[in-house]
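Asker: fold the following, please.
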Amino acid sequence: MDQIDLRILDILQKDARISISELGRMINMSGPAVTERIRKLEDKGVIASYRAVLSPDKIGKPITAFILVQADHCNALTEFCSQSPDVLELHQISGQYNFILKVVAASMQSLEEFRMACSKYGFTQTITVLSTTFDSRAFALDEP
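Answerer: Predicted structure coming up:
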């Protein structure tokens, strides 16, 4: 990746809906040249996806929590989490717990029901988010 690729990535992280022509103007390249660079970044897996980031509050999921799990059956927990639409992230971690889940819920009651369902896979500890200062920051891109 060169300086131009990094600039494209920086701009796309801030606004993935920007038009190719506007992006080209910002980096002084033609539309077809920008399109080709983006395609190559996608093919290499540098750009993994494009998506809309939703506000949990606005879709009826105002509760966010992190659940630490000391799982006895890792594959079963992974399958359970992949089937649950309220699990936004699942990470395998080191330390006392081997998984951390980021979940959203409509209410404390539904969060507790989910936590109880999780507990059959191992010991859990729930950390409820009181407020979020920032979420989903863009990656800082260094020069190659």
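Asker: packing partners of the longest strand along the chain?
Answerer: Longest strand of the chain, by residue count under DSSP state E: strand 63-71. Strand 63-71 is packed against strand 99-105, helix 108-118, strand 122-128, with contacts defined by 3 or more CB pairs under 8 Å, 6 or more residues apart in numbering; DSSP states H and E. Any C-beta I mention is one placed from the backbone N, CA and C, and that applies to glycine too.
Asker: neighbouring contacts of the longest one?
Answerer: Taking CB atoms under 8 Å, 6 or more residues apart in numbering as the criterion, the residues outside helix 108-118 that touch it are 63, 65, 67, 69, 77, 80, 84, 86, 101, 103, 105, 124, 126, 128.
Asker: quick one: low-confidence parts of this protein?
Answerer: Counting by pLDDT under 70, the ranges of the chain that qualify are 143-144.
Asker: where do the helices sit along it?
Answerer: 3-14, 20-27, 31-43, 74-83, 108-118 (DSSP state H).
Asker: to Arg137, which of these lies closest?
Answerer: helix 3-14 (9.0 Å; CB to CB).
Asker: how about the closest one: buried residues?
Answerer: Neighbour counts over helix 3-14 (16 or more other CB atoms under 10 Å) mark 5, 7-9, 11-12 as buried.
Asker: and if you look at stretch 106-115?
Answerer: Residues of stretch 106-115 classed as buried by neighbour count (16+ other CB under 10 Å): 111, 114-115.
Asker: isn't Glu89 right up against Lys102?
Answerer: Yes: the criterion here is CB atoms under 8 Å, and Glu89 meets it with Lys102 at 4.0 Å.
Asker: so these two - more neighbours on which side?
Answerer: More crowded of Glu89 and Lys102, by other CB atoms under 10 Å: Lys102, with 16 against 10.
Asker: ok, now which ones touch the more buried one?
Answerer: Contacts for Lys102 (CB under 8 Å, 6+ apart) come out as 64-66, 87-90.
Asker: tell me the domain boundaries of this protein?
Answerer: 3-43, 56-128 (automatic domain parsing).
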